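K.L.:
Sequence and predicted structure below; questions after.
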Amino acid sequence: MFANRNLRRLQLAMIGSTLGHWGYSVALVVWAYDAGGPSLVALATFFRILPAAGAAPFIGALADRHERRLVMVTSDIVRAASLALAAGAIATDLPAGLVVLLVAVAGVAMSAFYPALSALLPSLTDTPEELTAANVTTSAIDGLGMFIGPAIGGLLLVATSPQTVFLWTVACLLWSATLVSGVRLVAAEKEDEQAEETPERLLAMVREGFTATIREPGARLIVGLFAIQTLIAGYLAAIVVLIAFELLDRGAAWVGYLEAAIGVGGLLGVVMSASLVGRRDLSAPFGIGVVLFGAPLVLVAAWSNPAIGLVAMAIIGIGNALTDVGGITLLQRATPDAIRARVFSILESTVLAMMALGGLIAPLLADAIGLREALVVGGTLPLIVVVLFWRPLRRLDVAAPPAQPIDLLRGVPLLAPLAGPVLERLAIDAREVRVATGQVVFAQGAPGDSFYVIADGEVDVSVDGGHVRRQGRGESFGEIALLRDTPRTATITASEPTTLIAIDREPFLGAVTGHAGSAEAAEGMVAARLAHARPALATV
């Protein structure tokens, strides 16, 4: 994966984005605790996330409409500017509300980065295995950031001040923006300049994202389980300062150490999740990851020991890595490229809202029923939810296409340039058609509704009643009527029992015309075939 220049730059950019994000989050909760106690911690966490949750679906629509690289660069720059201003506000003792407002702006900008990244990755990979590898590497970098970021943030807090950590984050984000700007986009990522940008169109695109997420049972379940995981993430982000100060009786640096332990566990989880590359059964690791993200909190409640606290946080990190790799890859598989950023923005919106809710609930619940009891509640919730939905979760793996249809599609010249995940999506959308000897697949002059690839058997091609040629396994037909929007130009008849892979018009056109290399190959094939004189047309 690292040999792919575009993926390499994106992953290196993530190092800057992740280091800054986790280091600054430590500075934020410690500043809030010093400035206003647990109540300001809850408010700062809540307003850092809630506006981003509301904005994410609209930003996701823009990421499907505009160049995703540009969306990511803009996100980095806006975050850097707002956090620089927040650092100045802290340094000059301006009202805490202004700091919270600037942090909220940074949160809104952050909500654009990861949906655009998740939507961009599949178009830059060549095989499904490379996509899983890219997600594993992304999780590894997230784990490194969760380890190094809080450690640096905690040490900087001890040596300097919260505003210094904020400025360090600014430098990390500028590093990220520089790297992302150097990604070389494929033609499919070019902005559609003819599409008119209106509020009505933007709302329609947002509705499409919600509809696509709600309509698919698998997408609903994946987003729902991510929501539970990130509810506990927000819960933990707000309560970790209470664990460090009140339960373990340690100072500000231990907030960073506990969060760094999550990062160490994340690295161990990455080692474990590397075994997922090439696997299609990702639902079980995803579900187990969700459980592991919460259950260790019960250990912390049972034993108020710093060593136990670090071990529990490390287990949470392992769960985080498994959840990210399994869940993100499952959702990327299930989502067409044209709406992928919107679906991931719905995911982003959902998880941010749940993080905000978790950050608001945790300190209040700890105050109401006690810190230990609040940890038990947060630790058992993910286990209960995963147990309840285990069977439908396991059925998600059924949707993964077998390798044979993907290999068959990859051998078709006009589909060969497509990225692996796009081929995987086509294989998921495809249907198997069996035709008997002498059965007509379609007749000349009929409307075109599908593209066909021969999986087994042979067919005869005839034009105006005259036999033209015979086609066998791996060959394809039906593209001209779809690409040129014309009636079928030939009759296709099975010469023996034949199995076909049929791809309907909409997914076929979306995949082929949305990729420059595939569109060029398709147009070349159509032109060449049409140039062969009628009635000697070789295919449809």
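P.N.:
Received the coordinates, thanks. Residues are numbered from 1 along each chain as shown.

K.L.:
Would you mind measuring the gap between the ends of stretch 451-468?
P.N.:
19 Å (C-alpha to C-alpha, to the nearest Å).

K.L.:
and it, which residues are buried?
P.N.:
451-455, 457-463, 468 (16 or more other C-beta atoms under 10 Å). Quick note: C-beta positions are derived from backbone N, CA and C, even for glycine.

K.L.:
Let me see the mean pLDDT of stretch 345-359.
P.N.:
Average pLDDT, stretch 345-359: 80.

K.L.:
quick one: the residue minimising distance to the centre of the chain from E130, how far?
P.N.:
Computing the C-alpha centroid of the chain and ranking residues by C-alpha atoms, centre = their mean puts S118 first, at 3.7 Å. For S118, the distance to E130 (C-beta to C-beta, to the nearest Å) stands at 15 Å.

K.L.:
swap in V441?
P.N.:
34 Å.

K.L.:
Show the contacting residues for V158.
P.N.:
252-253 (C-beta atoms under 8 Å, 6 or more residues apart in numbering).

K.L.:
if we can go back for a sec, work out for me the element the residue nearest to the centre of the chain sits within.
P.N.:
Using DSSP states H and E, S118 sits within helix 96-120.

K.L.:
just G448 next, same as before
P.N.:
In this structure, G448 is located outside every helix and strand according to DSSP H and E.

K.L.:
Just give the number of residues close to it.
P.N.:
As a burial measure, G448 scores 21 neighbours (other C-beta atoms under 10 Å).

K.L.:
Which residue is the nearest non-sequential neighbour of it?
P.N.:
Computed as C-beta to C-beta, 6 or more residues apart in numbering, the closest residue to G448 that is not its neighbour in sequence is A481, at 2.7 Å.

K.L.:
so who does the one you found touch?
P.N.:
By C-beta under 8 Å, 6+ apart, the contact list for A481 reads 447-448, 487-489, 540.

K.L.:
of all those residues, which comes closest to D504?
P.N.:
For the contacts of A481, the closest approach to D504 (C-beta to C-beta) belongs to G448, at 10.6 Å.

K.L.:
next one: phi and psi at the closest one?
P.N.:
phi -90, psi 130 (degrees, to the nearest 10).

K.L.:
Start at 59, not 1
P.N.:
OK, 59 is where the count begins now, so the last one is G506.

K.L.:
which strands and helices sit next to the lengthiest helix in the chain?
P.N.:
Counting by DSSP state H, the longest helix found in the chain is helix 63-123. When contacts are defined as 3 or more C-beta pairs under 8 Å, 6 or more residues apart in numbering; DSSP states H and E, helix 63-123 packs onto helix 126-149, helix 154-178, helix 186-217, helix 220-238, helix 257-273, helix 275-300, helix 311-331, helix 395-427.

K.L.:
can you put these in a markdown table and add distance to A110?
P.N.:
Shown next, in a markdown table, are the helices and strands packed on helix 63-123 (distance: least, C-beta to C-beta, whole Å):
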| stretch | distance to A110 |
| --- | --- |
| helix 126-149 | 11 |
| helix 154-178 | 4 |
| helix 186-217 | 18 |
| helix 220-238 | 15 |
| helix 257-273 | 15 |
| helix 275-300 | 12 |
| helix 311-331 | 20 |
| helix 395-427 | 5 |
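
K.L.:
ranking the ones you listed by mean pLDDT, which is last?
P.N.:
When those are ranked by mean pLDDT, helix 257-273 comes last with a mean of 67.

K.L.:
Show me how the record splits this structure into domains.
P.N.:
Split into domains by automatic domain parsing, the chain comes to 63-239+257-457, 461-589.

K.L.:
Comparing those, which comes out most buried?
P.N.:
Using mean count of other C-beta atoms under 10 Å, the stretch among the domains of the chain with the largest mean neighbour count is domain 63-239+257-457, at a mean of 21.

K.L.:
Once you drop chain neighbours, what's closest to A138?
P.N.:
Take A138 and drop its neighbours on the chain: the residue closest to it by C-beta to C-beta, 6+ apart is L231, 4.1 Å away.

K.L.:
That neighbour reaches T76, doesn't it?
P.N.:
No: using C-beta atoms under 8 Å, L231 is not in contact with T76, being 10.5 Å away.

K.L.:
for the buried residues of stretch 509-526, which one is nearest T557?
P.N.:
Using C-beta to C-beta, the buried residues of stretch 509-526 come closest to T557 at A513, 4.5 Å.

K.L.:
and that closest one, that's in a strand?
P.N.:
Yes: assigned with DSSP: H, G, I helix; E, B strand; the rest coil, A513 falls within a strand.

K.L.:
Can you tell me the SS state at the residue lying closest to it once chain neighbours are set aside?
P.N.:
Excluding the flanking residues, the one nearest A513 by C-beta to C-beta, 6+ apart is T557, at 4.5 Å. Classification of T557 by three-state DSSP places it in strand.

K.L.:
Model confidence score at T557, please.
P.N.:
On pLDDT, T557 comes in at 91.

K.L.:
wait, it sits on R492?
P.N.:
Yes: judged on C-beta under 8 Å, T557 makes contact with R492 at a distance of 5.5 Å.

K.L.:
any idea how far V526 is from Q502?
P.N.:
Q502 is 11 Å from V526, by C-beta to C-beta.

K.L.:
If you could redo that for V517, that was the one I meant.
P.N.:
11 Å.

K.L.:
what does T438 give?
P.N.:
68 Å.
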